[in-house]
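J.: Pasting a predicted model and its sequence here:
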Amino acid sequence: MNNEFTFSVKSICFDENYRPSDNTRITTNFANLARGERREENLRDALRMINNRFNALAYWDNAKGDRYSVELEIISVEVDIEGKGQTFPSIEVLKTNIIDHHTEQRIRGLVGNNFSSYVRDYDFSVLLRNHNEGQTKFSIPDNFGDLHGKLFRSFVASDSFKENFTKPPVICLSVSDNKVYQHTGNQHPILGGEYQPNSTSLTEQYFQKMGLQVRYFMPANSAAPLAFYFEGDLLNDYSNLELIGTISTMETFQKIYRPEIYNANTVAGKRYQPDLKNLDHSLTQIVYDREERNQLASEQGKFAEQHFIKPYQKVLEQWSANYA
């Protein structure tokens, strides 16, 4: 059996004309915005928010606050298990590109940012749920996240990744509402103040299996910290503009999807516990159906089970056991 799966990378521009293709995971942040009557306004407003935030953070040599704009690409990764040309949609992430209107340069940003995957939907919405059904005490199945983690690491180590991207991915997520975060006193000029959580989480452990560690930072004029998942050295491996691209993109999405936390009217203090029931927050003008998104995660987890996990179960188990 071939020990290497083949990954292919597809890219599509995310702008006000974007329409999700039929095989896009519709739970992804950007796909959810690009639907309904207000789709174009949604996309235009979100991109404007990203550009405004980018220029606010990249304020040096930028007196009018209009020096930069951000272009986003949706990166879809497909995996071919048997080498016969049959692919399954594996991972979907965003890539930022930064346009400097003073120098007319196009600067590569980071890949990662948003992260979604059918196999993760399967793990959390099917496997974990089934494992705990009827149980009085919550527990995690053996080897939970192993396959997903190895698939992700295999992609990052692949020729396909190296041909398309120059630096490892950085993924930026919301903080968890069941943890308390304490300011450490560490301050970074771009990422802002660092926070430390009071406990680890299942998400942290899941991303650890993907080869990613996490640090929490609250950039200047943000309402709450963001979780940055990365490999290597987050503070020294990436340029200021690369980091600002990720912050401006993902903070904008979080203001839309988690306004109770990221568009709160009160800023996180030295000790901070996020609250998804916080009523003291502002809403953006951007329409988003959070409930539908949760239902879709379950549907797409079942899709992964039916079209990937079950048909390739033996091959995947053998590959996972042999993966170094």
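T.: On my side now, so go ahead. Numbering: from 1, shown residues only.
J.: Show me the strands in the protein, by range?
T.: 6-14, 68-80, 87-100, 105-117, 170-173, 181-188, 192-197, 213-218, 226-230, 271-272 (DSSP state E).
J.: Can you add mean neighbour count and distance to residue 259 and give these back as TSV?
T.: (Each C-beta comes from the backbone N, C-alpha and C, glycine too.) What follows is the strands of the chain, written out as TSV (neighbours: other C-beta atoms under 10 Å; distance: least, C-beta to C-beta, whole Å):
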stretch	mean neighbour count	distance to residue 259
strand 6-14	16	21
strand 68-80	20	21
strand 87-100	21	20
strand 105-117	21	17
strand 170-173	22	16
strand 181-188	15	19
strand 192-197	19	20
strand 213-218	20	16
strand 226-230	23	15
strand 271-272	16	16
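J.: how about the ones you listed, which one is nearest residue 133?
T.: Among these, strand 105-117 comes nearest to residue 133, with 23.0 Å by C-beta to C-beta.
J.: who does that closest one touch, helix- and strand-wise?
T.: The contact analysis (3 or more C-beta pairs under 8 Å, 6 or more residues apart in numbering; DSSP states H and E) places strand 105-117 against strand 68-80, strand 87-100, strand 170-173, helix 240-257.
J.: just how off-centre is the longest one within its chain?
T.: When distances are taken as C-alpha atoms, centre = their mean, to the nearest Å, helix 240-257 is centred 11 Å away from the chain's centroid.
J.: tally of neighbours for residue 60?
T.: Neighbours of residue 60 under the rule other C-beta atoms under 10 Å: 7.
J.: Then the one 3 residues further on?
T.: When neighbours are defined as other C-beta under 10 Å, residue 63 has 8 of them.
J.: for the one 3 residues further on, same thing?
T.: The burial metric for residue 66, expressed as a neighbour count using other C-beta under 10 Å, is 12.
J.: hang on, isn't it packed against residue 101?
T.: Yes - shown here, residue 66 and residue 101 form a contact pair, counting by C-beta atoms under 8 Å, at 7.1 Å.
J.: Dump the strands of the chain to JSON lines, plus mean pLDDT and distance to residue 55.
T.: Formatted as JSON lines, those follow (pLDDT from 0 to 100; distance: least, C-beta to C-beta, whole Å):
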{"stretch": "strand 6-14", "mean pLDDT": "90", "distance to residue 55": "19"}
{"stretch": "strand 68-80", "mean pLDDT": "94", "distance to residue 55": "6"}
{"stretch": "strand 87-100", "mean pLDDT": "93", "distance to residue 55": "11"}
{"stretch": "strand 105-117", "mean pLDDT": "93", "distance to residue 55": "14"}
{"stretch": "strand 170-173", "mean pLDDT": "96", "distance to residue 55": "19"}
{"stretch": "strand 181-188", "mean pLDDT": "97", "distance to residue 55": "19"}
{"stretch": "strand 192-197", "mean pLDDT": "97", "distance to residue 55": "17"}
{"stretch": "strand 213-218", "mean pLDDT": "98", "distance to residue 55": "19"}
{"stretch": "strand 226-230", "mean pLDDT": "97", "distance to residue 55": "19"}
{"stretch": "strand 271-272", "mean pLDDT": "95", "distance to residue 55": "27"}
